[in-house]
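> structure for this input, please:
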Amino acid sequence: MKILISGSKGQLGTELQRMLAAGRSELGALPEQLKDAQVVCFDVDTLDITDLAAVRRVFEQEKPDVAINCSAFTNVDGCEKEHDAAFRVNALGPRNLAMAASENGTKLVHVSTDYVFSGRPNGGIPLDEAARPDPVSAYGSTKLLGEEYVRQLCPRSFILRTAWLYSYTGKNFVFTMINAGKKFGKLTVVNDQLGNPTNAVDLGHHILKLAVGEEYGLYHCTGNGICSWYDFACEIIRLAGVDATVSPCTSDEYAAAHPEAARRPAWSALDNRMLRCTAGDEMRDWKAALACFFEHYNAEETK
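Below you'll find the predicted structure:
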């Protein structure tokens, strides 16, 4: 099997390569079909997914069985300032990949986000795949359009919405909290935005499990359990053993201090219903996955 990964140098792309090389993840062995898989990797320096002709050339040359799109413009505040750039990467990029995948008989896995939702209260009920998207930011709206292009243009596709992703490499909330805690000794984090922290190991494992099957469609794929960013930060600081205090604040207080920041959904907790009803939901509880992360991560990387 040949697997093409776009956005290969990011958190998820790096983790997928590690799993495929090892034949397993922290959750267990990968499907037998992935044994000795040939992996071809592209990042922005070798493939501009916003260039349709370039994407078509790569697919025609490589003829992958599966393509996994990990590319995204994920800077939520930056998307507001550079809306056209966000549109190209988050919407046109997936469109181009979907067209090329369909033309070459390739399965496509596309990674999306909880930010396609508005964050309005849902009675404390996690949002499943039937919930109606209503993004409140440029990031969320461009990612939603990317989903729609994939769905329309590539029937053999899997769309996975994830949230609050962290991994052993790259820039993420876990490393940001550790570094800020070490530097300042105190943190202030919003406590009225709730969602699901997700370990890239868990997400990558499920992507590969789905990719060998035929259960196409829209999936939510996040860590199980719900918390606020403040709860998440407290657990990070505790497990990291950093000598720092964490104080809560409201979204309004944060916005007053950071008027340039984009709106974030207050409630974007997702329910992995489709996963549970098809391939099986092995996503770990967010606290268990985070504890495992701290058992394995290299503290030197956070300096």
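> tally up the residues packed near Gly195, please.
Other residues within reach of Gly195, judged by other C-beta atoms under 10 Å, total 28. For every residue, glycine as well, the C-beta is placed using N, CA and C.
> kindly apply the preceding question to Val212 instead.
Neighbours around Val212, by other C-beta under 10 Å: 17.
> start to end distance for stretch 249-262?
Taking C-alpha to C-alpha, to the nearest Å, stretch 249-262 runs 17 Å from one end to the other.
> quick check: buried residues in it?
By 16 or more other C-beta atoms under 10 Å, the buried positions in stretch 249-262 come out as Cys249, Ser251, Tyr254, Ala262.
> one more: stretch 226-242?
Using 16+ other C-beta under 10 Å as the burial criterion, the residues of stretch 226-242 that qualify are 226-237, 239-240, 242.
> then stretch 19-36?
Met19, Leu20, Ser25, Glu26, Leu27, Leu30, Leu34.
> in strands, which of those fall?
Of the buried residues of stretch 19-36, the ones assigned to strands by DSSP state E are Ser25.
> for the host helix or strand of Asn179, packing partners?
Per DSSP states H and E, Asn179 falls inside helix 173-184. Applying 3 or more C-beta pairs under 8 Å, 6 or more residues apart in numbering; DSSP states H and E, one finds that helix 173-184 makes contact with strand 165-166, strand 186-190, helix 229-240.
> nearest to Ala279, out of these?
Nearest to Ala279 among the helices and strands packed on helix 173-184 is strand 165-166 (19.6 Å), distances taken as C-beta to C-beta.
> what are the pairing partners of that closest one, and which direction each?
Sheet pairing of strand 165-166 (DSSP bridges) gives strand 198-199 (parallel).
> got the buried residues for the helix holding Asn179?
Quick answer for helix 173-184 (16+ other C-beta under 10 Å): Phe173, Val174, Phe175, Met177, Ile178, Ala180, Gly181.
> adding distance to Phe73 and pLDDT, write the residues you listed out as JSON lines.
Formatted as JSON lines, the buried residues of helix 173-184 follow (distance: C-beta to C-beta, whole Å; pLDDT from 0 to 100):
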{"residue": "Phe173", "distance to Phe73": "17", "pLDDT": "97"}
{"residue": "Val174", "distance to Phe73": "21", "pLDDT": "97"}
{"residue": "Phe175", "distance to Phe73": "20", "pLDDT": "96"}
{"residue": "Met177", "distance to Phe73": "23", "pLDDT": "98"}
{"residue": "Ile178", "distance to Phe73": "25", "pLDDT": "97"}
{"residue": "Ala180", "distance to Phe73": "23", "pLDDT": "97"}
{"residue": "Gly181", "distance to Phe73": "28", "pLDDT": "98"}
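> distance to Thr162 for the residues you listed - can I get that in CSV?
Shown next, in CSV, are these (distance: C-beta to C-beta, whole Å):
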residue, distance to Thr162
Phe173, 13
Val174, 15
Phe175, 18
Met177, 19
Ile178, 21
Ala180, 23
Gly181, 25
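> thinking again about what came up before, just checking, which of the buried residues of stretch 249-262 belong to strands?
Counting by DSSP E, these place Cys249 in strands.
> nearest to Leu218, of the buried residues of stretch 249-262?
Once C-beta to C-beta is applied, the member of the buried residues of stretch 249-262 that ends up nearest Leu218 is Ala262, at 24.1 Å.
> spatially nearest residue to Cys41, not counting backbone neighbours?
In this structure, Cys41 finds its nearest non-sequential neighbour in Ser8, 3.6 Å apart by C-beta to C-beta, 6 or more residues apart in numbering.
> much appreciated, bye for now.
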